[in-house]
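Asker: The sequence and its predicted three-dimensional model are supplied below.
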Amino acid sequence: MKKKLLIGFSTIVLTCLYLPILVLILFSFNKSRINAEWSGFTFQWYLNLFDNPQIVDAFINSLLIAIITTILSTILGTICALALHKYKYKFSKLISGLIYLPIVVPDILMGIALLILFTNFHFELGSMTIIIAHVTFCISYVVILLTARLSGMSKDLEDAASDLGATPWQTFRYITLPAIMPGIIASALLSFTLSIDDFVISFFVSGPSSTTLPIYIYGMVKKGVTPEINAISTILIVTIIGLMVLSEVYRTKGINTENTKKKSYIV
């Protein structure tokens with residue numbers, strides 16, 4: 001009985017979460033401009049997107065910001081995770097808590113705080129301030145993923161490499177880096193997803209010439225929901241879901257590989 005109740009409750013929750021998304025995707029192929037009625041199947045609204053230079057510019061801007069954010073946050077987050085894992089010092093727990101803080105702070109508060117910071121330091125709001133803001137919260141996710149990966153990694157291979165005369169750089173390059181590479185790839189994919197999907201923080205720190213795709217969609221929604229909005233949202237949803245699935249695949253791949261190695265050592 002409890003199992004049936006749990007399945008029924010889970011079904012209701014998932015339906016409430018994903019039914020609106022499915023409806024949005026369905027009406028992105030609707031011939032009619034009115035979302036209240038279905039008049040036939042068409043790809044017209046997707047084709048119209050490429051004829052709109054403002055949408056194309058917003059998409060390219062979001063893509064460039066997401067790529068730069070991914071590169072910076074992955075590099076900085078990897079260095080930070082390695083430092084927290086290898087070195088223990090007096091304030092290590094405090095620093096770890098500060099790194100995780102951007103995840104628990106509401107986006108609107110973080111957006112306002114960054115806006116105040118950029119204003120006080122006379123930063124011109126634009127693509128650079130968006131990148132700085134995105135890197136700020138993406139680093140936290142990278143550190144969390146890689147810290148979990150490093151904590152489950154055996155130190156035997158690193159110790160063996162050191163005993164055989166390998167330098168710290170050689171040990172990192174040939175032992176540590178390949179072991180955490182699935183986690184790094186997963187972190188990069190997650191950072192890209194978070195950056196290209198972000199609206200709240202980008203809304204506060206963006207300038208008039210640095211409109212991202214989520215901000216542009218928000219501006220279109222204020223004028224009324226049209227099939228073009230459904231088409232853009234569908235593309236964004238499919239992209240994000242695909243990246244999240246890839247991120248999870250690489251994350252679990254690293255865990256499964258490590259478990260297989262441990263079993264082989266035991267045998």
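Answerer: Looks like it came in fine.

Asker: can we go C-alpha only for contacts and neighbour counts from here?
Answerer: OK.

Asker: ok, which stretches of this structure are helices?
Answerer: Counting by DSSP state H, residue ranges of the helices within the chain are 2-27, 44-49, 53-86, 92-104, 107-120, 127-151, 156-163, 168-171, 177-197, 200-205, 213-221, 227-266.

Asker: Ok, which of those comes nearest Arg33?
Answerer: Minimum separation from Arg33 across the helices of the chain (CA to CA) falls at helix 227-266, 5.9 Å.

Asker: model confidence over the closest one, on average?
Answerer: Helix 227-266 shows a mean pLDDT of 70.

Asker: same thing with stretch 185-198?
Answerer: 89.

Asker: Pull the residues that contact that stretch.
Answerer: With contacts defined as CA atoms under 8 Å, 6 or more residues apart in numbering, stretch 185-198 is touched by 62-63, 65-67, 69-71, 73-74, 134, 138, 141-142, 145-146, 213-214, 236, 240, 243-244, 246-251.

Asker: what about 6 Å?
Answerer: The contact list for stretch 185-198, computed with CA atoms under 6 Å, 6 or more residues apart in numbering, reads 62, 66, 70, 74, 134, 138, 142, 240, 243, 247, 250-251.

Asker: what's the answer for stretch 46-62, then?
Answerer: 196, 211-213, 231.

Asker: Could I get these in JSON lines, plus columns for neighbour count?
Answerer: Shown next, in JSON lines, are the contacts of stretch 46-62 (neighbours: other CA atoms under 10 Å):
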{"residue": "Ile196", "neighbour count": "26"}
{"residue": "Thr211", "neighbour count": "24"}
{"residue": "Thr212", "neighbour count": "28"}
{"residue": "Leu213", "neighbour count": "26"}
{"residue": "Ala231", "neighbour count": "25"}
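
Asker: With respect to the helices of the chain, which exhibits the lowest mean confidence?
Answerer: Among the helices of the chain, helix 227-266 scores lowest, with a mean of 70.

Asker: hang on, the earlier thing: so which of the helices of the chain is nearest Trp38?
Answerer: Using CA to CA, the helices of the chain put helix 2-27 closest to Trp38, at 7.5 Å.

Asker: which parts of the closest one are buried?
Answerer: Within helix 2-27, the residues that qualify as buried are 24-27, counting by 16 or more other CA atoms under 10 Å.
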